[in-house]
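Chemist: prediction below, plus the sequence it came from.
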Amino acid sequence: MEFREDQIERYSRHIILKEVGGSGQKKLLQSKVLIIGAGGLGSPVALYLAAAGVGTLALADMDNVDLSNLQRQILHSTKTVGKPKVLSAHETLTDMNPDVRVVPIQERLTAENVTSLFQDYDVIVDGSDNFGTRYVVNDAAFFLKKPLVSGSILRFEGQVVVLEGYRSTPCYRCLYPEAPPPGLVPSCSEAGVLGVLGGTIGTLQAVEVIKIILGLGDVLNDRLLIYDALSMSFRKVRVPKDPNCPLCGKNPSIRTVSGSTDWACSI
Ligand code: ZN
């Protein structure tokens, strides 16, 4: 592909970085990323990836925009309250960068459809808010050998990790072998969340996506980054691969994607 004049100008600050250059920018324009949840995490991820010129961005979310979302979900606005989130996101992202093809997926992600939804994409980003969905997404990404950039936020804390269980690094099940009993871990709607945390964690997820696409630096795939907003601390905790992991361990018992996805809301 050749750049148009306006693309050379739009992406000039990338192109002058020797680590990116024209070839890196072309890679971004040719890459495809699927984001689960057009919410508090999906918003900054999608906005920054669109600005960066990631050529195809799919967003999977079945909810409509609610007024209570606007405290953190910056893809949406007061005028899109009541509209499907994926359509509100489509409008915002194509306004920002018409180079980006936005693919709205307004359906519930399930164990049955997840593999076919994921297979055309290079990187998967998880911004969902419940364990059921996270396991299904993890297992599908593992079987398809796709990097999964996982983020979560609750109250004043956030976490980021890149899951590549098909390598010598952990998958989500290595970190969280079993889902806690329902009701033990509160959701954002029950416990609250400082809205801006989505910006911090989602932006870090977007950085990891770009590093993966461009093959730059060290990807956060053997450590979990924990951000505590109140003490303003970032800690990296080593997360080993579990040799007994039922998915990515030596003797796996999970051979197909199964389980239910309790789509409550995107964070
Ligand atoms: Zn594992």
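Modeler: Thanks, I have the structure now. Numbers count the residues shown, from 1 in each chain.

Chemist: show me where this structure has its helices.
Modeler: 5-10, 12-15, 21-30, 42-52, 85-96, 114-118, 131-144, 172-175, 188-191, 197-214 (DSSP state H).

Chemist: any idea of the mean pLDDT in the third one?
Modeler: Pointing back at helix 21-30 there. Helix 21-30 shows a mean pLDDT of 98.

Chemist: which residues of the stretch 1-150 of the chain score low on pLDDT?
Modeler: The model of the stretch 1-150 of the chain has no residue with pLDDT under 70.

Chemist: okay, now whichever residue of it sits closest to the ion: neighbour count?
Modeler: Residue nearest to the ion within the stretch 1-150 of the chain (C-beta to the ion): Phe142, separated by 7.5 Å. Yep, even glycine has a C-beta here, placed from its N, CA and C like the rest. Counted with other C-beta atoms under 10 Å, residues neighbouring Phe142 total 23.

Chemist: wait, it sits on Thr169?
Modeler: No. Using C-beta atoms under 8 Å, Phe142 makes no contact with Thr169, being 11.3 Å away.

Chemist: who touches both of those two?
Modeler: Common neighbours of Phe142 and Thr169, counting by C-beta atoms under 8 Å, 6 or more residues apart in numbering, are Leu163.

Chemist: ok, now how distant is the residue of the stretch 1-150 of the chain closest to the ion from Lys83?
Modeler: Distance, Phe142 to Lys83, using C-beta to C-beta, to the nearest Å: 34 Å.

Chemist: next one: Asp126
Modeler: Distance from Asp126 to Lys83, by C-beta to C-beta: 24 Å.

Chemist: quick one, which of these two is more surrounded?
Modeler: Comparing Asp126 with Lys83 by other C-beta under 10 Å, the one with more neighbours is Asp126, at 27 against 16.

Chemist: quick check: closest non-adjacent residue to the more buried one.
Modeler: Nearest non-adjacent residue to Asp126, counting by C-beta to C-beta, 6 or more residues apart in numbering: Ser150, 4.5 Å away.

Chemist: now for His76: which residues touch it?
Modeler: So His76 contacts Ala38, Ser43, Val65, Asn69, Leu70, Lys85, Ser88, Ala89, Thr92 (C-beta under 8 Å, 6+ apart).

Chemist: turn the residues you listed into JSON lines, columns for neighbour count.
Modeler: Putting the contacts of His76 into JSON lines (neighbours: other C-beta atoms under 10 Å) gives the following:
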{"residue": "Ala38", "neighbour count": "34"}
{"residue": "Ser43", "neighbour count": "28"}
{"residue": "Val65", "neighbour count": "25"}
{"residue": "Asn69", "neighbour count": "25"}
{"residue": "Leu70", "neighbour count": "15"}
{"residue": "Lys85", "neighbour count": "29"}
{"residue": "Ser88", "neighbour count": "25"}
{"residue": "Ala89", "neighbour count": "29"}
{"residue": "Thr92", "neighbour count": "20"}
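
Chemist: which one of the residues you listed is nearest Gly158?
Modeler: For the contacts of His76, the residue nearest Gly158 by C-beta to C-beta is Ser43; the value is 14.0 Å.
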